[in-house]
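A.B. asks: give me a 3D structure for the following:
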Amino acid sequence: MKTTTGYSATQILLHWGVALGVLFNYFVSEGMGKALDQNLDGEAVTVDVASWHVWIGVAVLVLAVLRIALRLLRGGPPAEPGALGKVASAVHGLLYVLILLVPALGALAWFGAIDAAGEPHALLANVMVILAAFHALGGFYHHLVLKDGILRRMLRPA
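C.D. replies: Below you'll find the predicted structure:
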């Protein structure tokens with residue numbers, strides 16, 4: 001994969017679009033189990049946020065695919081050396097997998113009527129948010145403690 005000194009404006013927009021979509025859906029997920037049951041039973045869905053949750057999830061999946069494709073085409077900054085770099089690379093890799101897998105499982109449950117995909121979707125969404133929190137804390141650690149400018153790479157295009 002190519003390496004660059006930073007991220008493009010498009011990469012940054014896709015990063016924050018995925019992040020906001022994931023956070024939104026995490027905070028409006030209450031009642032989605034009931035909504036899925038209603039949807040699978042062919043009943044009218046009475047959970048107010050269900051359609052928002054579903055379509056934001058579809059948007060997250062599309063944005064994630066675009067983000068990963070652009071990362072493969074354009075590249076990104078090289079991994080940090082040492083143990084912190086290995087941890088950061090592992091967290092990034094898991095986040096990429098989860099930003100594809102979580103909405104894909106949600107889509108299988110909702111559109112594919114596969115009830116068995118609902119529980120892993122919810123569980124992995126929790127794992128994804130926890131990993132994203134560690135990812136954010138790492139960015140703040142770099143910015144506030146190490147003062148190395150790594151956080152700025154996701155705020156200002158290179």
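
A.B. asks: neighbours of Lys34, how many?
C.D. replies: 13 (other CB atoms under 10 Å). For the C-beta atoms, the positions are set from N, CA and C on the backbone; glycine is no exception.

A.B. asks: so what's the spatially most central residue of the chain up against?
C.D. replies: Centroid-nearest residue in the chain: Ile99, 3.8 Å away (criterion: CA atoms, centre = their mean). By CB atoms under 8 Å, 6 or more residues apart in numbering, the contact list for Ile99 reads 18, 22, 60, 64, 67, 128.

A.B. asks: out of the residues you listed, which is nearest to Leu40?
C.D. replies: Val60 (21.7 Å; CB to CB).

A.B. asks: contact partners for that closest one?
C.D. replies: Applying CB under 8 Å, 6+ apart, the residues near Val60 are 18, 21-22, 25, 99, 103.

A.B. asks: list the buried ones in the helix or strand Leu70 falls within?
C.D. replies: Per DSSP states H and E: Leu70 is located in helix 50-74. The neighbour-count check on helix 50-74 (16 or more other CB atoms under 10 Å) flags 50, 53-54, 56-57, 59-61, 63-64, 66-67, 70-71 as buried.

A.B. asks: now do stretch 84-98
C.D. replies: So, applying 16+ other CB under 10 Å, buried residues of stretch 84-98: 88, 92, 94-95, 98.
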